[in-house]
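>>> Fold the following for me, if possible:
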Amino acid sequence: MLKHINPGIQWFLRLVLSSVASQLVRWALRNALDWLE
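Now for the predicted structure:
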């Protein structure tokens, strides 16, 4: 399926996924720190 998507959209999706992933990591770390205290 990804082969049919043009590179611009693929790059945009990767950018969105990486930003969402970093947000999730930050949220998880904050929750872990709250839980440890």
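>>> When you work out contacts or count neighbours from here on, use the C-alpha atoms and nothing else.
Noted.
>>> pLDDT averaged over stretch 25-37, what's the number?
For stretch 25-37, the mean per-residue pLDDT is 93.
>>> Would you mind extracting the C-alpha trace of it into PDB?
C-alpha atoms of stretch 25-37 as PDB (Å, rounded to 0.1, in the frame of the first residue of the first chain):
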ATOM      1  CA  VAL A  25       7.100   8.900  25.300                       C
ATOM      2  CA  ARG A  26       7.000  12.200  27.100                       C
ATOM      3  CA  TRP A  27       3.600  11.500  28.500                       C
ATOM      4  CA  ALA A  28       4.600   8.000  29.600                       C
ATOM      5  CA  LEU A  29       7.800   9.300  31.300                       C
ATOM      6  CA  ARG A  30       5.700  11.900  33.200                       C
ATOM      7  CA  ASN A  31       3.200   9.300  34.300                       C
ATOM      8  CA  ALA A  32       6.000   6.900  35.400                       C
ATOM      9  CA  LEU A  33       7.600   9.700  37.400                       C
ATOM     10  CA  ASP A  34       4.300  10.600  39.100                       C
ATOM     11  CA  TRP A  35       3.700   6.900  39.800                       C
ATOM     12  CA  LEU A  36       7.200   6.400  41.300                       C
ATOM     13  CA  GLU A  37       6.700   9.300  43.700                       C
END
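>>> so the residue nearest to the spatial centre of the chain is in which element?
Per C-alpha atoms, centre = their mean, the C-alpha nearest to the average position across the chain is that of Ala21, at 2.2 Å. If you go by DSSP states H and E, Ala21 is part of helix 7-36.
>>> Please spell out which residues along that helix are buried.
The neighbour-count check on helix 7-36 (16 or more other C-alpha atoms under 10 Å) flags nothing as buried.
>>> Quick one: distance of that helix to the chain centre.
Centre-to-centre, helix 7-36 and its host chain are 3 Å apart (C-alpha atoms, centre = their mean, to the nearest Å).
>>> The residue nearest to the centre of the chain and Gln10, how far apart?
16 Å (C-alpha to C-alpha, to the nearest Å).
>>> same deal with Leu17?
10 Å.
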